[in-house]
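with the sequence up front, the predicted model follows.
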Amino acid sequence: MLSKSLAIKVLNEALATGGDYAEIYVEKTVSSSILLENGVVESSAKPQLFGVGIRILNGVRSVYGYTSDVSAKSLLQLAHQLAASYSEERKITVASIAKQRVKAVNKVDDPCIDTPFSEKIALLKEASEIIRSVDPRLVRIQTIFMDTYRDIEIYNAEGETGKLFVTNEQRGRLVLVAVAAEGNDIQSYFSGPGRADGWHYFKNELNWRRIARETGEKAIMMLSAKECPSGRFPVVITNGWGGVLFHEACGHPLEASSTAKGLSVFSNSIGKQIASPIVSAYDDGSLPNEWGSNNIDTEGVPCQKNQLIKDGICVGFMVDRLNGRRINMAPNGTSRRQNYQFEPTSRMSNTYIAAGKDNPEDIIKDTKLGIYVTNFGGGSVDPVTGEFNFSASEAYIIRDGKVCEPVKGCTLIGKGSEVLMNIDRVGNDLCLGQGNCGAASGLIPVNVGQPTIRLKEITVGGRGGKLE
């Protein structure tokens, strides 16, 4: 998308005033989305995005700017304006650029972006009909398919030989929403499987018919749910999407964007116990074709498997280039951004608690009285203190080791450090769930994950009185 000769000129212009690192991020993205409302096409779009971001580092200082005008004049002018933030002698003159080998983590032969809208609409209509057939009390059904195809070039320089990284990102996501109503009671349920893969996955490998039926059934089920009791008692959290609690309450505080500035409860935790000894956790952006995976991060560093917690001990952070300088740690492939309009920083990709040894059924059988959470809604977290509250969109009472009646209005309240230390059972059924995470560098696709776990005690908020 840019010529090497132009990239060399822009890098040298950016480095003219003493910067010790310069970077050009070039992006061209084509997206598509189709929304059906109660089986009728409500909207469809296929927007495109093309632009360049330029960043200059000098020690632990950073300056960033972007433009959608990718002419030589515009890029040189932007580099000149950014360089004016520094006033030192030139340290680096870039003489050449060498293209780097990029290993393909996500291999896709049939990009979703190339699939005709008619074929996507046919799938969405069938999914809508499956949901509708569950019960006449389903009053609103949304079926959505979204996908993106992104070409990326990254030029960067810390010496006279610059580096060029060329990669692409491809993703698709099916979103199903069912809204049920009975009298004044309205309940909804959401499913959103996604993957960095082609159309064959969604059409033939994903069991979307089963997911559609379950989406309708869960919305109807919640109409009969009673209010959740409140107090402190054991909580079992299901695998997959249950990992969103770890993502929010513990994952964000382990990003170097927080730890390097002393803004995290885990800032000085390397080598210290922060979790139960039965807990290990990873962030792994190199899992093939997973929703949160990439070939390289947005600084050109290969995505990799990074262990964050080992047997309860904090052993690592997610580290980007700038914050790595602050804590003297090398970047580890976790620098991400929404698009060229955002400066990159450390972010999660596929973040999960590792599988343990317990049978999930035994975890429930060994819980005399508690709550079983199988899906989460919204919540809030303070990464400085680790304090959080999360609402469960699907939960049940556990009584005498059996999953009993569903409850609504369930909220988990606590601290990330408390959650980690209070995990006393870890199942062997690890799986991942897809979502989008918003932070300083924009909205990005992430997988959350865990096996079934049990918290031996946590505060549960609800309006159902005492648990009995």
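Received, thanks.

now the helices for the stretch 201-350 of the chain?
208-221, 244-246, 256-259, 321-327 (DSSP state H, counting those that start in this stretch).

which stretch among those comes nearest G198?
Nearest of the helices of the stretch 201-350 of the chain to G198, taken as CB to CB: helix 208-221 at 14.9 Å. Placement of C-beta: from N, CA and C, glycine included.

what helices or strands is the closest one leaning on?
helix 117-132, strand 138-157, strand 161-182, strand 185-191 (3 or more CB pairs under 8 Å, 6 or more residues apart in numbering; DSSP states H and E).

now the angle from the last one to strand 161-182?
This means strand 185-191. 150 degrees (axes from the mean of the first three to the mean of the last three CA atoms, to 10 degrees).

so which residues make contact with strand 185-191?
Here strand 185-191 makes contact (CB atoms under 8 Å, 6 or more residues apart in numbering) with 174-181, 211-212, 214-216, 218-220, 222-223, 225, 375, 393-394, 408.

still on that earlier bit, quick one: the helices and strands packed on helix 208-221 as CSV, columns for mean pLDDT and distance to F233 too.
As requested, the helices and strands packed on helix 208-221 are arranged in CSV below (pLDDT from 0 to 100; distance: least, CB to CB, whole Å):
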stretch, mean pLDDT, distance to F233
helix 117-132, 98, 34
strand 138-157, 98, 33
strand 161-182, 97, 29
strand 185-191, 94, 24
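
could those go into TSV alongside mean neighbour count?
Converted to TSV, those look like this (neighbours: other CB atoms under 10 Å):
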stretch	mean neighbour count
helix 117-132	18
strand 138-157	21
strand 161-182	20
strand 185-191	18
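
distance to K203 added to those, as JSON lines?
Conversion of the helices and strands packed on helix 208-221 to JSON lines gives the following (distance: least, CB to CB, whole Å):
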{"stretch": "helix 117-132", "distance to K203": "7"}
{"stretch": "strand 138-157", "distance to K203": "11"}
{"stretch": "strand 161-182", "distance to K203": "10"}
{"stretch": "strand 185-191", "distance to K203": "17"}
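
to V30, which of those lies closest?
Taking the helices and strands packed on helix 208-221 one by one with CB to CB, strand 138-157 is closest: 5.0 Å.

give me the sheet partners of that closest one and which way each runs.
Strand 138-157 has its sheet partners listed here by DSSP bridges as strand 21-37 (antiparallel), strand 161-182 (antiparallel).

next, the angle helix 117-132 makes with that strand.
140 degrees.

give the other helices and strands that the helix or strand bottoming out on mean pLDDT in the chain contacts.
Sorted by mean pLDDT, DSSP states H and E, the helices and strands of the chain end with strand 369-381, the least confident at a mean of 88. The helices and strands touching strand 369-381, judged by 3+ CB pairs under 8 Å, 6+ apart, are strand 231-237, strand 387-399, strand 410-415.

so who does N12 touch?
N12 neighbours (CB under 8 Å, 6+ apart): 93-94.

same thing with Q338?
Contacts of Q338 by CB under 8 Å, 6+ apart are 441-444.

now, of those residues, which are buried?
Buried by 16 or more other CB atoms under 10 Å: 441-442, 444, out of the contacts of Q338.

let's have those residues in JSON lines, adding secondary structure.
Output for those, formatted as JSON lines (DSSP: H, G, I helix; E, B strand; the rest coil):
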{"residue": "S441", "secondary structure": "coil"}
{"residue": "G442", "secondary structure": "strand"}
{"residue": "I444", "secondary structure": "strand"}
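
tell me the one of those nearest L455?
Nearest to L455 among the buried ones among the contacts of Q338, with distances taken as CB to CB, is I444, at 27.8 Å.

low-confidence stretches in the chain?
Residues of the chain that meet the criterion pLDDT under 70 are absent altogether.

can you list the domain ranges for it.
4-224, 226-461 (automatic domain parsing).

returning to that earlier point: redo the buried ones among the contacts of Q338 as a markdown table? Include distance to D151.
Formatted as a markdown table, the buried ones among the contacts of Q338 follow (distance: CB to CB, whole Å):
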| residue | distance to D151 |
| --- | --- |
| S441 | 19 |
| G442 | 18 |
| I444 | 17 |
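
list just the nearest of those residues to N239.
For those, the nearest to N239 is I444 (22.7 Å; CB to CB).

now do the contacts for the closest one.
336-338, 347, 436-437.

which strand residues bridge it?
Assigned bridge partners for I444, using DSSP bridges, are C437.

and it, how far from S293?
12 Å (CB to CB, to the nearest Å).

swap in Q338?
For Q338, the distance to S293 - CB to CB - is 16 Å.

report the two of the contacts of Q338 separated the most.
Using CB to CB, the two most remote members of these are S441 and L443, lying 9.1 Å apart.

show me the contacts for V384.
Here V384 is in contact with 258, 263-265 (CB under 8 Å, 6+ apart).

and the residues you listed, which are buried?
Counted by 16+ other CB under 10 Å, those give 258, 264-265 as buried.

including distance to F190, could those go into JSON lines?
Below are these laid out as JSON lines (distance: CB to CB, whole Å):
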{"residue": "S258", "distance to F190": "28"}
{"residue": "S264", "distance to F190": "30"}
{"residue": "V265", "distance to F190": "30"}
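
between those, which sits nearest M318?
S258 (9.7 Å).

apart from its neighbours in sequence, what residue is nearest the closest one?
Using CB to CB, 6 or more residues apart in numbering and skipping residues adjacent in sequence, the residue nearest S258 is S264, 3.8 Å away.

how close does the one you found sit to R209?
Counting by CB to CB, the gap from S264 to R209 is 43 Å.

leaving out chain neighbours, which residue sits closest to the residue lying farthest from the centre of the chain?
Outermost residue of the chain with respect to the C-alpha centroid, by CA atoms, centre = their mean, is E89; its distance is 40.5 Å. Nearest residue to E89 in three dimensions, chain neighbours excluded: G18, at 6.0 Å (CB to CB, 6+ apart).

identify the residues contacting the one you found.
58, 86-91.

return the set of buried residues in stretch 257-272.
Per 16+ other CB under 10 Å, stretch 257-272 contains these buried residues: 257-260, 264-267, 269.

and stretch 220-231, by the same measure?
Neighbour-count burial for stretch 220-231 [16+ other CB under 10 Å]: 220-223, 225, 228-230.

circling back: for L467, which of the domains of the chain is the nearest?
Closest among the domains of the chain, using CB to CB: domain 226-461, at 3.9 Å.

that closest one: end-to-end distance?
End-to-end distance for domain 226-461: 14 Å, by CA to CA, to the nearest Å.

distance from that domain to the middle of the chain?
11 Å (CA atoms, centre = their mean, to the nearest Å).

please list the outside residues in contact with the helix or strand containing K456.
Here K456 sits within strand 453-461, counting by DSSP states H and E. By CB under 8 Å, 6+ apart, the list of residues contacting strand 453-461 from outside reads 228-237, 242, 353, 356, 363, 367, 370-371, 389, 410-414, 418-419, 422-427, 467.

give me the buried subset of those.
Members of the contacts of strand 453-461 classed as buried by 16+ other CB under 10 Å are 228-230, 233-237, 242, 353, 356, 363, 367, 370-371, 410-414, 418-419, 422-427, 467.

relative to I211, how far out is V460?
When CB to CB is the yardstick, V460 and I211 sit 28 Å from each other.
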